[in-house]
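Chemist: Got a sequence here, can you build the structure:
(one chain, ligands or ions: 1)
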Amino acid sequence: MKDRIVQIIKNIEGYRDGVEFYESLCRCAEYIKTRFKEMGFVVETDDFILKGREYSNIIATSKGIKERRNWILVGAHYDAVHGSPGADDNASGVAVMLEVARMLGPKEPIMFVAFTLEEPQLNTIEFLIGSKHFVNVMKRQGHNFRAAFILESVGYISHKPDSQILPPFVKAPRTGDFIGIIGNKKSIPIMESFKEMASKHVPELKVVTYKAPMKGYLIPETRFSDHAPFWDAGYPAVMITDTAMFRYPYYHTEHDRLEYLSAEFMTQITVALAKTVENMIIQSSGASPSSSSF
Ligand SMILES: [Zn+2]
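Modeler: Next comes the predicted model:
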């Protein structure tokens, strides 16, 4: 799995903002669609036009999204901020999402979404453009989400003391060797379940959970990814993150490259997340656990 994660990041890494490197962003979208199709998923897109150009969120499910469901969503944005090759932010998230998809396979009611235009763009002050569009459309069409797991920069780990910066009011370890799970009130059971599945299947992975008060408005950084539109629409959603700017020295710079990331860490996150989703499905269906290998 480690090698596959590295390979995916190598394929995605590179300038791909929505304006100057629009063609690269489109190539990245095609790459993700192909990977999902190879794994047997039905791939659809949620398209929209911004300043004369078309952008797409990529949706992978087992049977398509014609029927309304109470989805479990795993998502990650595939665009990168202008001027950065975006290995941690967020090729790492896409790689983990694709590997979770491979572990679980096409299965109801799981939905994988690769979001576009999460980052601020050169030609607008808006961000989270892709996920806002997606949540609006899905809500209007009568879909529901029982859980949304958003992977946002999940590749950087540091074992050095004081490598972890903390925003005001947040209590967490000062060493940046954990994965952070940021949730809203409705997602407390999901955070607990992730912690439990991680300690059972990947005990070496340290998990720190944080419930953001006031939909995250107290610490704006806790809203800096595609989970925020899900919070605003009232769904249980979590951001799974290495904490990005609070830990990673190359956040949003031209140096955000694969060489600084840990394939081991991303593999552990993949397993913990896949087991969490699998467990949710088992609990809701009453079926016995299937054995999945990685
Ligand atoms: Zn990001």
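
Chemist: what's the single longest helix in this structure?
Modeler: If you go by DSSP state H, the chain has its longest helix at helix 263-285.

Chemist: got the buried residues for that helix?
Modeler: For helix 263-285, burial by neighbour count (16 or more other CB atoms under 10 Å) applies to 263, 265-281. From N, CA and C alone the C-beta is placed, and that goes for glycine too.

Chemist: cool, and stretch 127-147?
Modeler: 127-135, 138-139, 143, 145-147.

Chemist: so who does the nearest residue to Gln121 once chain neighbours are set aside touch?
Modeler: Take Gln121 and drop its neighbours on the chain: the residue closest to it by CB to CB, 6 or more residues apart in numbering is Gly18, 5.1 Å away. By CB atoms under 8 Å, 6 or more residues apart in numbering, the residues touching Gly18 are Leu25, Leu50, Arg53, Tyr55, Asp79, Thr116, Leu117, Glu119, Gln121.

Chemist: What is the neighbour count of the third one?
Modeler: Other residues within reach of Arg53, judged by other CB atoms under 10 Å, total 13.

Chemist: what bits of the stretch 51-200 of the chain have low per-residue confidence?
Modeler: Along the stretch 51-200 of the chain, no part satisfies pLDDT under 70.

Chemist: Around the ion, pick out the residues from it.
Modeler: Proximity of the stretch 51-200 of the chain to the ion, by CB under 5 Å from the ion, involves residues Asp89, Asn90.

Chemist: ok, which stretches of the stretch 51-200 of the chain are strands?
Modeler: Listed in chain order, the strands of the stretch 51-200 of the chain (DSSP state E, counting those that start in this stretch) span 53-61, 70-77, 110-115, 144-152, 178-183.

Chemist: Take those strands and lay them out in JSON lines including distance to Ala95.
Modeler: JSON lines is the format used below for these (distance: least, CB to CB, whole Å):
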{"stretch": "strand 53-61", "distance to Ala95": "15"}
{"stretch": "strand 70-77", "distance to Ala95": "8"}
{"stretch": "strand 110-115", "distance to Ala95": "11"}
{"stretch": "strand 144-152", "distance to Ala95": "9"}
{"stretch": "strand 178-183", "distance to Ala95": "15"}
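
Chemist: Which one of those strands lies nearest to Met214?
Modeler: The closest of the strands of the stretch 51-200 of the chain to Met214 is strand 178-183. By CB to CB, the value is 13.1 Å.

Chemist: Quick check: buried residues in that closest one?
Modeler: Buried residues in strand 178-183 (16+ other CB under 10 Å): Phe178, Ile179, Gly180, Ile181, Ile182, Gly183.

Chemist: Look up phi and psi at the residue nearest to the fifth one when sequence neighbours are not counted.
Modeler: Which is Ile182. Residue nearest to Ile182 in three dimensions, not counting chain neighbours: Met239, with 4.5 Å by CB to CB, 6+ apart. For Met239, the backbone dihedrals (degrees, to the nearest 10) come out as phi -100, psi 130.

Chemist: Could you measure from Met239 over to the ion?
Modeler: For Met239, the distance to the ion (CB to the ion, to the nearest Å) stands at 10 Å.

Chemist: Thanks a lot, catch you later.
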